[in-house]
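Participant: kindly return the folded structure for what I paste below:
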Amino acid sequence: MKKLPLGIQSFRKIIENDCVYVDKTQYVYELINSVSYYFLSRPRRFGKSLLLDTIAEVFNGDKELFKGLYIYESNYIFKKHPVIRLDMSNVANDTPEKLERALCNTLQTRINAEGSTISSELPSDLFKNLIEALYNKYGEKVVVLIDEYDKPMLDQLHNVELAEANREIIRGFYGVLKSMDPFLRLTFITGVSKFSKTSVFSGLNNLLDITMVEDYANICGVAVDELSEYFGEYIDSLTNDRGFGNRDDLHSKILEWYDGYSWDGVSRLINPFSLLGFFMKKRFYSFWYASGTPAFLIKLLKEKPSSFLALSDLEISEMSLDLVDIQKMSVAPLLFQTGYLTVDEVKYDPPPAVYKLRMPNHEVREAFNLQLISEFTETDHDFTETAYRRIRESLKNGDLREMLVILKSLFASIPYQLHVNSEAYYHSIFYAIMTVLGFDINAEISVSGGRIDATLEFDDKVYILEFKYKSCPVDASVDEKRELFEKALDKGIDQIESRGYAKKYESSGKKIYQAVFVFIGRDDIELRVR
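Facilitator: Residues are numbered from 1 along each chain as shown. Sure thing, here's the model as predicted:
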């Protein structure tokens, strides 16, 4: 069997060490024979760096390195071109001054290696002069490959002012490229997010964004039909091992855990990092998620907890999906661009296109919700998982009183500084708990009489849930709290009954539980069930 290239982003190293390589050179061939300026957004650890390195090796001119691959058999003439490769994830960005110095140092190192004597304190000047120097030295147009273009902003999203300052620096830096057009053969820029892409590359009006272009939907990642083609031997080696079952069962389980990513609503891609981790460790685990979760996403969800409820069956316009502003960040586009949501379906008629989004697979769904609950309540994962098991058992037995005890312990762990006086805040945490447990919970269900906060449906039971929040003075007496609870509980039950929330399920033959949860503080929760 070929070796597994886990963590290897060098095309040459993969080929020379006889590692598995999913052939993406047909896309490279099409790219370099079409327009000259490209932008691609994909989540972290999804193959962007390897794609850029493959392009770099194509322009290195070593045809034999590609023997057996699509581009080797094509009519492409392998011609050596000078390549500038910039990885912005390795550039310091703690302050605008550090960012400028780091860019200058990176370029100066390359300039010195080429034997040039160019010097400047402005990274944009060094960039411009390096391109011209390489063109003059080698007599061929220059290839510019920029990886993780957005890292100087993403790293500083906790400080909007600093993120904006970094953006201004790289705007001027990337702006050099348009004036260098006569010297450039190809420019390819990748990043995780699209946020600020328009303003960062405002001068590059010929930059083609292929992120959502159907022809390039599978440019990174492992397509479903490639799983057996490239990893069939590994699947066979694990069949009937460690309880994985037969080949078909294992194949289906791999797809359930790691498949589901799509940028056109048709093709489905497997996360390459998690897939390689699975074959290497021989166990199912959230490898991609465990490699790092952007802190700014959790921070944003803490600030806007109600946005979590809107992630179920979310539909968003193409324009909204494409635009993200540093100062007005919206949850859904960021979750999509960073890999926590994916395209389930695209509706083209009437234009503009509308994208239906969902969480891609088991790995993301379980790990993300577990992380969200732990962050909201600041409990550790062991505590949270224990709570999950107890909640599962209480729902199985129809014992909502036992579930109330568990919820009180979870909500009591919410730090005062994170506590939000909002019904949506508690609703969001409850929804996350139920989702990570694997329950088919539906939020904000429209019925003829109104909108149900949430429903949980089982083979023999249906839970209709209503959430109420009441503000309560810190020094309120026990009697005052009881009065608040009783009024809110009465109102909630009356709302469920008067609006006929249960009618939809009366003919199902299932036992119907109508329940109201009332919150007046972190751990002040009461329940009434009918």
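Participant: centre-most residue in this protein?
Facilitator: Computing the C-alpha centroid of the chain and ranking residues by C-alpha atoms, centre = their mean puts residue 339 first, at 2.0 Å.
Participant: where does that residue land in three-state SS?
Facilitator: Put simply, residue 339 is coil when judged by DSSP: H, G, I helix; E, B strand; the rest coil.
Participant: nearest residue to it in space, please, no chain neighbours.
Facilitator: Here the nearest residue to residue 339 in space, its sequence neighbours aside, is residue 43; by C-beta to C-beta, 6 or more residues apart in numbering that works out to 2.9 Å. All C-beta spots, glycine's among them, are computed from the backbone N, C-alpha and C.
Participant: quick one: the strands in the stretch 101-250 of the chain?
Facilitator: 142-147, 184-191, 208-209, 222-223 (DSSP state E, counting those that start in this stretch).
Participant: for the third one, what is the average pLDDT?
Facilitator: Which is strand 208-209. Averaging pLDDT along strand 208-209 gives 90.
Participant: list the pairing partners of that strand within its sheet, with orientation.
Facilitator: Applying DSSP bridges, strand 208-209 is found paired with strand 37-41 (parallel).
Participant: same question for the longest one.
Facilitator: Applying DSSP bridges to the sheet, strand 184-191 is found paired with strand 37-41 (parallel), strand 142-147 (parallel).
Participant: kindly report the same for the last one.
Facilitator: Taking DSSP bridges as the criterion, strand 222-223 pairs within the sheet with strand 269-270 (antiparallel).
Participant: so after the host helix or strand of residue 52, what's the next helix or strand?
Facilitator: Element membership for residue 52, per DSSP states H and E: helix 48-58. Counting by DSSP H and E, the next helix or strand C-terminal to helix 48-58 is helix 70-73.
Participant: off-centre distance for that next one?
Facilitator: Put simply, helix 70-73 sits 33 Å off its chain's centre (C-alpha atoms, centre = their mean, to the nearest Å).
Participant: can you tell me which helices and strands it packs against?
Facilitator: helix 25-32 (3 or more C-beta pairs under 8 Å, 6 or more residues apart in numbering; DSSP states H and E).
Participant: please identify the helix or strand for the residue nearest to residue 339.
Facilitator: Secondary structure assigned from DSSP H and E places residue 43 in neither a helix nor a strand.
Participant: what about the helices in the stretch 101-250 of the chain?
Facilitator: Under the criterion DSSP state H, counting those that start in this stretch, the stretch 101-250 of the chain contains helices at 123-138, 151-154, 160-174, 176-179, 197-200, 224-238, 247-258.
Participant: now the ones you listed in TSV, with mean pLDDT, distance to residue 215 and mean neighbour count?
Facilitator: Listed next are those as TSV, based on pLDDT from 0 to 100; distance: least, C-beta to C-beta, whole Å; neighbours: other C-beta atoms under 10 Å:
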stretch	mean pLDDT	distance to residue 215	mean neighbour count
helix 123-138	95	29	19
helix 151-154	88	27	25
helix 160-174	89	25	19
helix 176-179	89	24	18
helix 197-200	60	20	18
helix 224-238	95	17	15
helix 247-258	94	24	17
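Participant: would you list the ones you listed in CSV and tack on distance to residue 11?
Facilitator: Converted to CSV, those look like this (distance: least, C-beta to C-beta, whole Å):
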stretch, distance to residue 11
helix 123-138, 21
helix 151-154, 22
helix 160-174, 25
helix 176-179, 24
helix 197-200, 26
helix 224-238, 15
helix 247-258, 23
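Participant: so which of those helices comes closest to residue 385?
Facilitator: Closest to residue 385 of the helices of the stretch 101-250 of the chain is helix 247-258 (C-beta to C-beta; 18.1 Å).
Participant: residue contacts, residue 480?
Facilitator: Taking C-beta atoms under 8 Å, 6 or more residues apart in numbering as the criterion, residue 480 is in contact with 472, 473.
Participant: mind checking pLDDT for it?
Facilitator: So, for residue 480, pLDDT stands at 87.
Participant: list the buried residues for the helix or strand it falls within?
Facilitator: According to DSSP H and E, residue 480 maps onto helix 478-498. Neighbour counts over helix 478-498 (16 or more other C-beta atoms under 10 Å) mark 481, 484, 485, 488, 489, 492, 493, 495, 496 as buried.
Participant: report the angle between the helix or strand following that helix and helix 478-498.
Facilitator: Going down the chain from helix 478-498, the next helix or strand is strand 511-519, by DSSP H and E. Put simply, strand 511-519 runs at 140 degrees to helix 478-498, going by axes from the mean of the first three to the mean of the last three C-alpha atoms, to 10 degrees.
Participant: just checking, what packs against strand 511-519?
Facilitator: Applying 3+ C-beta pairs under 8 Å, 6+ apart, one finds that strand 511-519 contacts helix 400-412, helix 423-436, strand 461-469, helix 478-498, strand 525-529.
Participant: how far does the first one sit from its chain's centre?
Facilitator: In this case it means helix 400-412. 31 Å.
Participant: which positions in that helix come out as buried?
Facilitator: 400, 403, 404, 406, 407, 408, 410, 411.
Participant: could you dump these into CSV and include distance to residue 212 and pLDDT?
Facilitator: Converted to CSV, the buried residues of helix 400-412 look like this (distance: C-beta to C-beta, whole Å; pLDDT from 0 to 100):
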residue, distance to residue 212, pLDDT
400, 44, 88
403, 42, 84
404, 45, 86
406, 42, 83
407, 40, 79
408, 45, 80
410, 39, 75
411, 40, 73
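Participant: list the contacts for residue 111?
Facilitator: 118, 126, 129, 130, 133.
Participant: which two of those have the greatest separation?
Facilitator: Using C-beta to C-beta, those reach their maximum pairwise distance at 126 and 133, which is 10.0 Å.
Participant: what touches both of these two?
Facilitator: 111, 118.
Participant: residue 68: how many residues sit nearby?
Facilitator: Counted with other C-beta atoms under 10 Å, the neighbours of residue 68 add up to 9.
Participant: mind checking how far it is from residue 23?
Facilitator: For residue 68, the distance to residue 23 (C-beta to C-beta, to the nearest Å) stands at 8 Å.
Participant: same check, this time on residue 297
Facilitator: Computed as C-beta to C-beta, the residue 297 to residue 23 distance reads 33 Å.
Participant: got it, and residue 130?
Facilitator: The gap separating residue 130 from residue 23 is 32 Å, by C-beta to C-beta.
Participant: residue 488 too?
Facilitator: 61 Å.
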